[in-house]
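# Give me a model of this one.
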Amino acid sequence: MEFAISAVAASVLALGALGFAADAGAAPSGVGSAADTVKSLEADGYTVAINGAVNRSLSECSVTAVHPGSTVYVDIACPST
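Predicted coordinates for the structure are as follows:
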């Protein structure tokens, strides 16, 4: 879980440094499941695309990175079956 938080924080900081501060607000804190992250982003009005193999319910998967933009790309990792 610490890795997911670090990955999200690094993405947000990198985008902010490049002048994408408005888009950086799209990145959630990294707390919770991939399902929680997707729900939060969609509730904020973002279009979300999932990167990664979804071989389980998103509630069982974790977020490894978030890429803000007009479509927010959420990288996920799910436990193997």
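# give me every residue that touches the closest residue to Arg56 other than its chain neighbours.
Spatial nearest neighbour of Arg56, chain neighbours left out: Cys78 (4.6 Å); criterion: CB to CB, 6 or more residues apart in numbering. C-beta coordinates here come from the backbone N, C-alpha and C atoms, glycine included. Cys78 sits next to Ala34, Gly52, Ala53, Val54, Asn55, Arg56, Glu60, Cys61, Ser62 when contact means CB atoms under 8 Å, 6 or more residues apart in numbering.
# What's the per-residue pLDDT of the fifth one here?
Per-residue pLDDT puts Asn55 at 89.
# returning to what we had before: any chance of a markdown table for the contacts of Cys78, columns neighbour count, distance to Ala43 and secondary structure?
A markdown table is the format used below for the contacts of Cys78 (neighbours: other CB atoms under 10 Å; distance: CB to CB, whole Å; DSSP: H, G, I helix; E, B strand; the rest coil):
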| residue | neighbour count | distance to Ala43 | secondary structure |
| --- | --- | --- | --- |
| Ala34 | 25 | 15 | helix |
| Gly52 | 16 | 21 | coil |
| Ala53 | 11 | 25 | coil |
| Val54 | 13 | 20 | coil |
| Asn55 | 11 | 25 | coil |
| Arg56 | 14 | 22 | coil |
| Glu60 | 13 | 21 | helix |
| Cys61 | 23 | 19 | coil |
| Ser62 | 20 | 20 | strand |
